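Trainee: I would like to see how this sequence folds:
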Amino acid sequence: MTDWPVIAIRWALYLDLGLLFGIPLFALYAFGNDRRGFRYLPIVPIVRCLALAGLALTALGFALQTSAMVDVSLTKLDVSTLNMVLRGSALGSSVILRTVVLLAVLPATVVLRRSRRLGAAIMSLGGAVCMATLPWSGHGAAGEAMSGWIQLIGDIFHLLAAGAWLGAIAAFLIIVGGLQAAPDPARLALSHRALAGFSGTGTILVGILILTGLLNSFFLVGPDHVISLGNSLYGLLLVAKLGLFAAMILMAALNRYRLTPALDRARAEGGEGAAVGKLRASLLIEGSFALCIMGLVAWLGTLAPPISA
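Mentor: All right, here's what the predicted structure looks like:
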């Protein structure tokens, strides 16, 4: 039977920690030395909310996963059982590290008020460490010896690249969304510069996702099971994930080669409202695809991969 509460918590954690890593990272490479960008992207309240949500989701997720591990209902879990799993399992170690880092991220937001780039770097690093704890209790930690480490590292980089892309989409939506509320030439210029500058970063992220995705497929699917992917729920979900990923690449290409240049022309010729509206709609579609992919990843993590058959 599908454990939907566990899947839902996993999905929420992927989104929460991905944004915690990706949004401050976006500020680092997109704004450069332009302090105005931090005015249009309120990182401090965003990161504080994400860190607090991460703490709550981590606690609830740990309780749900422990309940499933010891096969008792959530209401019958006792402190001794939780303590045993917390101290004696990879799941417990990942929860402890993630909790410590999330608690450290909260006061680190104060640094942003004195040094924006340093503060953003600290917050993004904290998000990266938190994301790296997610594969510890999943398929990424199932390997052994050197191949196990390669699988785990590949899984971590796959998640980090996904989080960076998700954070960029969210940041773009926040910045571009403000243009529809009120005209702002400075915000418009920053939006175009950030969009144009993301092209190189986006290409790197896509490359990392493809390479690490192939690596993970080698360990979890195996060459002998590729043809029979359609015979299992895991295979069908994986195919759906790949289809959505391809759609995201197409949407990103549309933003890069059509909508971003159109926004630049609109700045010079006027009528930027229509260009902003099209760009925002495209980003919303791309973000919806990302949400669905994260949901599929959360579901896949609860299923036995084909290689184990």
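
Trainee: buried sites along stretch 104-118?
Mentor: For stretch 104-118, the neighbour count (16 or more other Cβ atoms under 10 Å) marks 105, 108-109, 111-112, 116-117 as buried. For glycine as for every other residue, the C-beta is placed from the backbone atoms N, C-alpha and C.

Trainee: Next: stretch 205-221.
Mentor: 205-206, 208-209, 212-213, 215-217, 219-221.

Trainee: gap between residue 261 and residue 268?
Mentor: Separation of residue 261 from residue 268 (Cβ to Cβ, to the nearest Å) stands at 11 Å.

Trainee: okay, the two: which has more neighbours?
Mentor: residue 261 (14 against 7; other Cβ atoms under 10 Å).

Trainee: How many residues are close by residue 48?
Mentor: Neighbours around residue 48, by other Cβ under 10 Å: 14.

Trainee: With residue 4 instead?
Mentor: Residue 4: 10 neighbours (other Cβ under 10 Å).

Trainee: domains of this structure?
Mentor: Segmentation of the chain into domains, based on automatic domain parsing, reads 1-137, 144-309.

Trainee: can you list those in TSV and add mean pLDDT?
Mentor: Shown next, in TSV, are the domains of the chain (pLDDT from 0 to 100):
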stretch	mean pLDDT
domain 1-137	88
domain 144-309	87
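
Trainee: Give me the packing partners of the host helix or strand of residue 282, helices and strands only.
Mentor: According to DSSP states H and E, residue 282 maps onto helix 272-300. Judged by 3 or more Cβ pairs under 8 Å, 6 or more residues apart in numbering; DSSP states H and E, the packing partners of helix 272-300 are helix 4-31, helix 145-181, helix 185-220, helix 233-254, helix 260-269.

Trainee: just so I know, which of the ones you listed lies nearest residue 295?
Mentor: helix 4-31 (4.9 Å; Cβ to Cβ).

Trainee: tilt between the closest one and helix 145-181?
Mentor: Angle of helix 4-31 versus helix 145-181, following axes from the mean of the first three to the mean of the last three Cα atoms, to 10 degrees, is 70 degrees.

Trainee: Now helix 4-31: buried residues?
Mentor: Buried residues in helix 4-31, defined by neighbour count with 16+ other Cβ under 10 Å: 6-27, 29-31.

Trainee: Residue 9 is in contact with residue 299, correct?
Mentor: No: at 12.0 Å, residue 299 does not count as touching residue 9 under the criterion of Cβ atoms under 8 Å.

Trainee: then stretch 236-256 to CSV, C-alphas only?
Mentor: C-alpha atoms of stretch 236-256 as CSV (Å, rounded to 0.1, in the frame of the first residue of the first chain):
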residue,chain,number,x,y,z
LEU,A,236,6.5,4.4,-15.4
LEU,A,237,7.1,7.2,-12.9
LEU,A,238,10.7,7.5,-14.1
VAL,A,239,9.6,7.9,-17.7
ALA,A,240,7.1,10.5,-16.6
LYS,A,241,9.9,12.3,-14.7
LEU,A,242,12.1,12.3,-17.8
GLY,A,243,9.2,13.6,-19.9
LEU,A,244,8.6,16.5,-17.6
PHE,A,245,12.4,17.2,-17.4
ALA,A,246,12.4,17.5,-21.2
ALA,A,247,9.5,19.8,-21.1
MET,A,248,11.3,22.0,-18.6
ILE,A,249,14.3,22.2,-20.9
LEU,A,250,12.0,23.3,-23.7
MET,A,251,10.4,26.0,-21.5
ALA,A,252,13.9,27.2,-20.4
ALA,A,253,14.9,27.4,-24.0
LEU,A,254,11.8,29.4,-24.8
ASN,A,255,12.6,31.8,-22.0
ARG,A,256,16.2,32.2,-23.1
